[in-house]
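Enquirer: What shape does this take:
(chains A and B, ligands or ions: 1)
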Amino acid sequence: MQHEATHATPNINKAELLKELSHIVSADGILHETETMRPYECDGLSAYRQLPWIVVLPEETDQVQRIVALCHEQQVPIVARGAGTGVSGGALPHAHGVLLSLAKLNRILDIDPNNRTARIEPGVRNLAISQAAAQYNLYYAPDPSSQIACTIGGNVAENSGGVHCLKYGLTVHNIMRLEVITASGERITIGSEALDSPGYDLLALMCGSEGMLGIVTEVTVKLLPRPERVQVMLAAFDDVVKAGAAVAAVIEAGIIPAGLEMMDKLAIQAAEDFAHAGYPRDAEAVLICEVDGSNEEVSEHVATIRDIFLEQGATKVRTAQDEQERAILWKGRKSAFPAVGRISPDYYCMDGTIPRKALPLVLKRISEMSAKYDLAVANVFHAGDGNLHPLILYDANKPGELERTEAFGGKILTLCVEVGGTVTGEHGVGIEKLDQMCVQFGALELEQFHAVKAAFDPQALLNPGKAIPTLHRCAELGGMHVHNGQLPHPELERF
Amino acid sequence: MGGMDQDNSTAIQQQVTQASHDKSVLDIRGGGSKGFYGHAVNGLPLDVTPHRGITNYAPEELVLTARAATPLAEIEHALNERGQMLPFEPPHYGDSATLGGTIACALSGPRRAAAGAARDFVLGTRLVNGCGHLMSFGGQVMKNVAGYDVSRLQCGAQGTLGVLLDVSLKVLPRPEQELTLTLAADFSDALTRVATLVGQSLPISASCLYDDHLHLRLSGARCALQAAIKKVGGEHSSQSTTFWQQIKEQQHPFFSRFAKQAGSRLWRISLPAATPHLLLDGEWLMEWNGALRWLTSDVSIEQVRRVVSNVGGHATLYRGGNNDDARFHPLSDGVAKLHYQLKRAFDPHGILNPGRIYPSL
Ligand SMILES: Cc1cc2nc3c(=O)[nH]c(=O)nc-3n(C[C@H](O)[C@H](O)[C@H](O)COP(=O)(O)OP(=O)(O)OC[C@H]3O[C@@H](n4cnc5c(N)ncnc54)[C@H](O)[C@@H]3O)c2cc1C
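Expert: Alright, predicted model coming up:
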């Protein structure tokens, strides 16, 4: 699928730009032939592909700065890329732009056990931070399922979460300071190693900004001490509504589990076939609940939660007896995506967030739509914080099936907005959800977003065409029925 | 929900639109409890206080939404009734404190180092920008990356980017029990001790060093505290609640000492937690495991800021000093430039609280 090329056209031709770049990075850090650039033509949303003009792989911040300054001077668009695991097309290249890979900036610069922070380059993989901090009994909390591959730069750009973010927060809650190269090539520091900084909270603004506001070249993350004890439980239910009620009951009892995940029948079966975690194949839903803390506290919480699950109608509750069993219970959940990938030629992962109380309604509507579109859906749910990942199963080789899948997915996201939620909880808008942004926001908000973008990048050189749709696009789509800045469905209370 | 609840969005929006049209400066007024924080604004008062009331509270979803001028006390009362709290433990500085002012000033209390700051709990806002546009950002859900995080950006912007109308927050259960242990310690003892304890993941929800006494508040499940007490040591304090209330609200005698001495100022110094004691003459009180230090001193503004900058921190002139003393730590050129550009993006005519944080911002 092609996407619309937008905005700036370079003042410089490819040969000249290559020559200029060769003064900045060595020859093996520049790719410009179709075959060598192939691996960069898409991210995790592989339905969208575009070869970049040139790929550059700097190794030092100083080089990044010079590349950005050069592109600024010559009006060349820049798309930053970490590991390319993003699933919304955020790192999709620009046909007349530089694809700036930060993967070689992958040094852990400093771990400070006294302040419990780590200073790292943007290309460091998420899991590598915790591995390096382990010697101090510390770890980095946000743990996206892609953590063996995805980079901290990408995590900042997407404000990534993981299965532990109900208790430990998202990327925005776990970083303290960024070094950023602005669109004009200036090197600035945002935030600090203190707990707050003067002026506007630019750190929050950078989180989830999808490479649109600046290139992150260094990150200081917060590290946490490993909890004394961690315990995982698995509860089976014969009805997803009961499982949803059990989640609410745990939280109302004043317990914030470290992780609280739900899977529906199709997801359970796929995961069980893949991971052999002992998930009950006949259950309509399972909850995976992790509690951590001191030894005594964990014992008490496990007992309380067990009672709650049983009261709420769990047909079976199992507590992992040792570390190995804990790992296997999580493996089922964490491999849900690849597991679904085995039972279907392709799948499309949606990422809406909803108020938890809307879960029964949303699941019912999804299952009705599943029948209507004739496409199966497996649901994986970060139940604690309402982040729903319906995985639509399809076959890209069957004509029309991708289009039907995208239409179905779009309907699911619209539904999330209707019940007071959002079109993306953690995967970002990228190129994928531009149309759904027209549903979520009115013209005024979109204009405000464009003004924020212009404050950082007046020439729109950084990742042009992503994250925020043009008003024109929304109008053409007819998706935006905006009157006086009102959202569609004004009858639904949002605030 | 109180009988005085009222949705005044339209009136507020109209006043901002008018002011935008006239290019006349607005001085946004909530409860006025944080008037001391920031520079005075010379402009037409925009009274937001009628816009109040909790509009949604769903304890099982951990979400509360309220109009900006809802009294902070009303919100905390409602949460308390359901065994929940604002995790960032905001200071009120008076009965008139409102939610909007708390978020606009981004002030957090003793629990900050353990639980997070005001900005960490903001999920969504409704606001009017300097053109009079009424907009919604974020929402009432925990995770949301649709569009830039304009809601968190309002935290600490002190109204210079928009008039807050409604704020949605993540809330948390109150800990089952809280208690305070007190130990004798000098500064460097205290710093090492706190670092070691926090590094062992003990449930320390607040810390304060004053007058060679280290006060540690433990919060959590009863059984967890029993185990933690043994590891922490020290004496049980019988005044736990009062003590932290006095620290949070600055009713502790330390915080008024500056007023008794001509030329003395109260500084709020935020810096990396493990920073050794700073060589600035004056009287100190430490919080947030070392990351927040209060200083009463008559040392010059320039010198305080120079010393604090050198260790990667920033110093806010909290109380005392003259009207034209810069209250907030200066920004680097690159960051300042982004501030002015963002200001223009939200408030092109510069009518919303200009100068409250920095000149003409
Ligand atoms: C199997 C699988 C499981 C996943 N699970 C989760 C999950 O549990 N939670 C979750 O949140 N996400 C998840 N993701 C999504 C993805 O892994 C995250 O969004 C991740 O943060 C992307 O990191 P990356 O390094 O691959 O970034 P990329 O995909 O390379 O880039 C993502 C965006 O960041 C920008 N960017 C990258 N580096 C920089 C930089 N240095 N400066 C500025 N902008 C930059 C890019 O321009 C792009 O817009 C999953 C993806 C897969 C494939």
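Enquirer: A:Gly208 contacts A:Ala157, doesn't it?
Expert: Yes. The criterion here is C-beta atoms under 8 Å, and A:Gly208 meets it with A:Ala157 at 7.3 Å. Where C-beta positions appear, they are placed from N, C-alpha and C, glycine not excepted.
Enquirer: More neighbours: the two, which one.
Expert: Comparing A:Gly208 with A:Ala157 by other C-beta atoms under 10 Å in any protein chain shown, the one with more neighbours is A:Ala157, at 32 against 27.
Enquirer: residues in contact with A:Cys71?
Expert: A:77-78, A:98, A:461 (C-beta atoms under 8 Å, 6 or more residues apart in numbering or on different chains).
Enquirer: ok, now A:Gly211?
Expert: A:79-80, A:90-91, A:157, A:462-463, A:466.
Enquirer: Mind listing the shared neighbours of A:Gly208 and A:Ala157?
Expert: Joint contacts of A:Gly208 and A:Ala157 (C-beta under 8 Å, 6+ apart) are A:Gly428.
Enquirer: Show residues contacting the helix or strand harbouring B:Tyr318.
Expert: Taking DSSP states H and E as the criterion, B:Tyr318 maps to strand B:314-319. For strand B:314-319, contacts defined as C-beta under 8 Å, 6+ apart pick out A:192, A:194, A:197-198, B:36-37, B:255, B:258-259, B:265-271, B:294, B:301, B:304-305, B:308, B:325-329.
Enquirer: Make a ChimeraX selection of whichever of the residues you listed turn out to be buried.
Expert: Entered in ChimeraX, the line below selects the buried ones among the contacts of strand B:314-319, by 16 or more other C-beta atoms under 10 Å in any protein chain shown:
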select /A:192,194,197,198 /B:37,255,258,265,266,267,268,269,270,271,294,301,304,305,308,326,327,328,329
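Enquirer: So which of the contacts of strand B:314-319 belong to helices?
Expert: Counted as lying in helices by DSSP state H, out of those, are B:301, B:304-305, B:308.
Enquirer: nearest to the ligand, of these?
Expert: B:Val308 (29.3 Å; C-beta to the nearest ligand atom).
Enquirer: Does that closest one touch B:Leu271 like I think?
Expert: Yes. Counting by C-beta under 8 Å, B:Val308 touches B:Leu271, with 6.5 Å between them.
Enquirer: measure B:Thr10 to the ligand for me?
Expert: 38 Å (C-beta to the nearest ligand atom, to the nearest Å).
Enquirer: For the one helix or strand that residue maps to, buried residues please.
Expert: Element membership for B:Thr10, per DSSP H and E: helix B:9-22. For helix B:9-22, burial by neighbour count (16+ other C-beta under 10 Å) applies to B:9, B:12-13, B:15-17, B:19-20.
Enquirer: Reformat these into JSON lines and put pLDDT next to each item.
Expert: As requested, the buried residues of helix B:9-22 are arranged in JSON lines below (pLDDT from 0 to 100):
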{"residue": "B:Ser9", "pLDDT": "98"}
{"residue": "B:Ile12", "pLDDT": "98"}
{"residue": "B:Gln13", "pLDDT": "98"}
{"residue": "B:Gln15", "pLDDT": "98"}
{"residue": "B:Val16", "pLDDT": "98"}
{"residue": "B:Thr17", "pLDDT": "98"}
{"residue": "B:Ala19", "pLDDT": "98"}
{"residue": "B:Ser20", "pLDDT": "98"}
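Enquirer: and which of those residues is nearest to B:Cys208?
Expert: B:Ile12 (38.8 Å; C-beta to C-beta).
Enquirer: Find the residue at the geometric middle of chain A.
Expert: Nearest to the mean C-alpha position of chain A, by C-alpha atoms, centre = their mean, lies A:His427 at 3.0 Å.
Enquirer: So A:Val317 sits against A:Phe237, correct?
Expert: No. In this structure A:Val317 lies outside contact range of A:Phe237 using C-beta under 8 Å: 10.2 Å.
Enquirer: is it fair to say A:Ala128 lies in a helix?
Expert: Yes. If the criterion is DSSP: H, G, I helix; E, B strand; the rest coil, then A:Ala128 is within a helix.
Enquirer: List the residues that contact the residue lying closest to B:Val163 once chain neighbours are set aside.
Expert: When the adjacent residues along the chain are set aside, B:Val163 lies closest to B:Val128, with 4.6 Å between them (C-beta to C-beta, 6 or more residues apart in numbering or on different chains). B:Val128 is in contact with B:9, B:12-13, B:16, B:134-135, B:162-163, B:165, counting by C-beta under 8 Å, 6+ apart.
Enquirer: tell me the helices in the stretch 201-350 of chain B, going along the chain?
Expert: In the stretch 201-350 of chain B, the segments counted as helices under DSSP state H, counting those that start in this stretch are B:222-232, B:240-248, B:301-310, B:333-346.
Enquirer: Distance to A:His72 for the contacts of B:Val128 - can I get that in CSV?
Expert: Listed next are the contacts of B:Val128 as CSV, based on distance: C-beta to C-beta, whole Å:
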residue, distance to A:His72
B:Ser9, 41
B:Ile12, 40
B:Gln13, 38
B:Val16, 35
B:Leu134, 35
B:Met135, 30
B:Gly162, 30
B:Val163, 35
B:Leu165, 38
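Enquirer: Phi, psi for A:Ser26 please.
Expert: phi -70, psi 160 (degrees, to the nearest 10).
Enquirer: For the closest residue to A:His427 other than its chain neighbours, grab phi and psi.
Expert: Excluding the flanking residues, the one nearest A:His427 by C-beta to C-beta, 6+ apart is A:Asp351, at 4.1 Å. Recorded main-chain torsions at A:Asp351 are phi -150, psi 50, according to degrees, to the nearest 10.
Enquirer: and if you look at B:Leu165?
Expert: Here B:Leu165 shows phi and psi, under degrees, to the nearest 10, equal to phi -100, psi -50.
Enquirer: Thought B:Ile12 was touching it, still the case?
Expert: Yes. Contact criterion C-beta under 8 Å: B:Leu165 and B:Ile12 qualify, at 6.7 Å.
Enquirer: Residues in contact with both of those two, list them for me.
Expert: B:51, B:128.
Enquirer: Give me the distance between A:Gly352 and chain B.
Expert: 9 Å (C-beta to the nearest C-beta, to the nearest Å).
Enquirer: and that residue, what does it touch?
Expert: Contacts of A:Gly352 were listed using C-beta under 8 Å, 6+ apart, and they are A:387-388, A:390, A:412-413, A:415-416, A:421-425.
Enquirer: which ones among the residues you listed come in contact with chain B?
Expert: Near chain B, judged by C-beta under 8 Å from any C-beta of the partner chain, the entries from the contacts of A:Gly352 are A:387, A:421-425.
Enquirer: Just the ones in strands from those residues, please.
Expert: A:Asn387 (DSSP state E).
Enquirer: Reformat the ones next to chain B among the contacts of A:Gly352 as a markdown table; add distance to A:Leu444.
Expert: Conversion of the ones next to chain B among the contacts of A:Gly352 to a markdown table gives the following (distance: C-beta to C-beta, whole Å):
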| residue | distance to A:Leu444 |
| --- | --- |
| A:Asn387 | 27 |
| A:Gly421 | 20 |
| A:Thr422 | 18 |
| A:Val423 | 18 |
| A:Thr424 | 20 |
| A:Gly425 | 23 |
